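**Student:** using only what follows, build the 3D model:
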Amino acid sequence: MSVAQRERLRRSGVAAVEICATAALYFGSAKLGLLQQLVRGQVTPLWPPSGIAVASLLLCGPRVWPGIALGAFLVNVSLGPSVPAVLAIMAGNTLAPVCSWALLRSAGFRNELDRLRDALALIFLGAFTGMLVSATTGSGTLVLAGALSTADFWPTWSVWWTGDAMGVLVVTPVLLVLRSARLPRDAPPARWAEGLLLLVATVGVGFLETSRTPLLFLGFPLLIWASFRFRLAGAAPCALAVSTFAIIAAAERSGPFAGHHLLTEMITLQAFNGSAALTALLLSAVIGERNETQREIARACRQLAGMAARMATGDYTPMVPEADAEKEDQAWAEDS
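**Tutor:** Now for the predicted structure:
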C-alpha cells in the first residue's frame, strides 16, 4: 500500500469517526432538549442539537453533515407523524446548520470569537438567519402532514425558530471554547478562587431563578462579571447555565412564568435567553478587542522606547523584533 493510499485511508477513518461522533452528540443532546418540549412533544424553547451541528461544521468542516442528518433522522423517526414528514424535517434540520456554516464562512468568521464582527455574525447569520430554514421546513411539514392545524403554524414556527436560534447562541460558543480551552499557566491562586466563586454564584442564582420569586435579572451581573474577568471562556458557560435554569423555571411555571399563557411565557423566556446570550457574546468580543488594542499600544510603546534609547547612544542599526513579545502578550492576557 502506497503512502498516498494510507493517507486517504487515514482521512476516511477520521471522517467516519467525526460523523459518528456528531450523530451521537446530536441524538443525545436532542433527548435532553425534548425533556422541555412545548409543542406536539418535539418543539422546545432550547434545541441544543442546532448548536452542536453548527459547531461541528465550524470545527470539522462540511464533511460531517451526514452525521447531522443521521442524528436528526434517529431523533424524529420516533416522533412521526409519517416517514415522508420525518425525512422532510430531517432535511430541514440538516440544511439549516449547513446554511449557517456557509453564511459564517462567507462573512470571514473566526472560531476564536475574539472580534465583535464574529459575535455579530454568529448572532444574526448563524442563529437568526440560518435557523429560519429548519423552523419553516419543520412547521410547514407538520401542517401538511395534518399533525398541526393551520392556525397553529405561526406559534409552532416561533417556538421552533427561537429554540434552534437559542441552541446556536448558547451551545455553539461553549463548544468552540472547549475546543481551544487550555489551563492557564502560572495563574495566581486568587484567579482560581475567583473562578470558583463565579461557579458557586452561578449555581446559587440558578436556584433563585427556579424559585417562586421573579429574580431572573440576577443572571446579568454574573454574565458581566464572567465577560470582564474571563472573557468568552467564562461568559459562554455562564450564559448556558443561566438560560438552562430559566428554561427549567418556565417548564415548572415558577417565578415570572407563573400564571401566564404559553405565548406570554415563551416571549418572556426567549427575550431573557436572547438577552443573556447577546450580553455574553457581545461583551466578551468587545473586551477581547479592547485587550488586543492595549497589547498593540504597549508593543508600540516598547518599540518606540527602544528606538529612542538607541538613537540617544548614536546606534542607528535596524532593530531586531522582540524575541519575547509573544511571552509578554501571554502574560498580559493572563493578567487582564
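**Student:** which strands or helices does the longest helix along the chain pack on?
**Tutor:** Identified as the longest helix of the chain according to DSSP state H is helix 262-312. Using 3 or more C-beta pairs under 8 Å, 6 or more residues apart in numbering; DSSP states H and E as the contact test, the elements touching helix 262-312 are helix 116-121, helix 153-180, helix 219-252, helix 325-335. All C-beta spots, glycine's among them, are computed from the backbone N, C-alpha and C.
**Student:** and for the spatially closest residue to residue 238 that is not a sequence neighbour, the neighbour number?
**Tutor:** Sequence neighbours aside, residue 226 is the residue nearest to residue 238 in space, at 4.3 Å (criterion: C-beta to C-beta, 6 or more residues apart in numbering). When neighbours are defined as other C-beta atoms under 10 Å, residue 226 has 29 of them.
**Student:** likewise for residue 82?
**Tutor:** A count of nearby residues for residue 82, using other C-beta under 10 Å, gives 12.
**Student:** against residue 88, how distant is it?
**Tutor:** Per C-beta to C-beta, to the nearest Å, residue 82 is found 10 Å from residue 88.
**Student:** ok, residue 214 next?
**Tutor:** Distance from residue 214 to residue 88, counting by C-beta to C-beta: 40 Å.
**Student:** same drill for these two, tell me which one is more crowded.
**Tutor:** Ranked by neighbour count (other C-beta under 10 Å), residue 214 and residue 88 place residue 88 first, with 19 against 15.
**Student:** surely that one forms part of a strand?
**Tutor:** No. Residue 88 sits outside any strand when classified using DSSP: H, G, I helix; E, B strand; the rest coil, being helix.
**Student:** what's the closest non-adjacent residue to it?
**Tutor:** In this structure, residue 88 finds its nearest non-sequential neighbour in residue 141, 4.4 Å apart by C-beta to C-beta, 6+ apart.
**Student:** the one you found touches residue 91, doesn't it?
**Tutor:** No. Using C-beta atoms under 8 Å, residue 141 makes no contact with residue 91, being 9.2 Å away.
**Student:** those two: who's more crowded?
**Tutor:** Between residue 141 and residue 91, residue 141 has the larger neighbour count (other C-beta under 10 Å), namely 23 against 18.
**Student:** next up, the contacts around that one.
**Tutor:** 85, 88, 89, 92 (C-beta atoms under 8 Å, 6 or more residues apart in numbering).
**Student:** can you do 10 Å?
**Tutor:** For residue 141, the contacting residues are 76, 81-82, 84-92, 147-148, by C-beta atoms under 10 Å, 6 or more residues apart in numbering.
**Student:** which of those has the most neighbours?
**Tutor:** Among the contacts of residue 141, residue 89 has the most neighbours (other C-beta under 10 Å), with 27 neighbours.
**Student:** for it, which residues are in contact?
**Tutor:** Contact partners of residue 89, counting by C-beta under 10 Å, 6+ apart, are 42, 72-73, 75-77, 79-81, 134, 137-142, 145.
**Student:** residue 58 - that's part of a helix, no?
**Tutor:** Yes. Using three-state DSSP, the assignment for residue 58 is a helix.
**Student:** how close does it sit to residue 162?
**Tutor:** Distance of residue 58 to residue 162, computed by C-beta to C-beta: 21 Å.
**Student:** what ranges in the stretch 151-300 of the chain fall below the confidence cut-off?
**Tutor:** Counting by pLDDT under 70, the low-confidence segments of the stretch 151-300 of the chain come to 262-263.
**Student:** any idea how far apart the tips of stretch 72-84 sit?
**Tutor:** End-to-end distance for stretch 72-84: 14 Å, by C-alpha to C-alpha, to the nearest Å.
**Student:** contacts for it next, please.
**Tutor:** 23-24, 26-31, 33-34, 37, 40-42, 49, 53, 85-94, 96-97, 134, 138, 141-142, 144-148.
**Student:** which of those are buried? Put it as a PyMOL command.
**Tutor:** Restricted to buried positions by 16 or more other C-beta atoms under 10 Å, the PyMOL selection for the contacts of stretch 72-84 reads:
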select buried, resi 23+26+27+29+30+33+34+37+42+49+53+85+86+87+88+89+90+91+92+93+94+96+97+134+138+141+142+145+147+148
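**Student:** could you list which of the contacts of stretch 72-84 belong to strands?
**Tutor:** Among those, DSSP state E puts none in strands.
**Student:** residue contacts, residue 11?
**Tutor:** Here residue 11 is in contact with residue 63 (C-beta under 10 Å, 6+ apart).
**Student:** okay, and residue 15 sits in which element?
**Tutor:** Using DSSP states H and E, residue 15 falls within helix 3-33.
**Student:** any idea of the angle that helix forms with helix 219-252?
**Tutor:** Computed by axes from the mean of the first three to the mean of the last three C-alpha atoms, to 10 degrees, the angle separating helix 3-33 from helix 219-252 equals 70 degrees.
**Student:** turn the helices and strands packed on helix 262-312 into a markdown table, including distance to residue 187.
**Tutor:** As requested, the helices and strands packed on helix 262-312 are exported to a markdown table (distance: least, C-beta to C-beta, whole Å):
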| stretch | distance to residue 187 |
| --- | --- |
| helix 116-121 | 25 |
| helix 153-180 | 17 |
| helix 219-252 | 11 |
| helix 325-335 | 6 |
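**Student:** mind listing what's buried in stretch 109-129?
**Tutor:** Neighbour-count burial for stretch 109-129 [16+ other C-beta under 10 Å]: 109, 111, 113-115, 118-123, 125-129.
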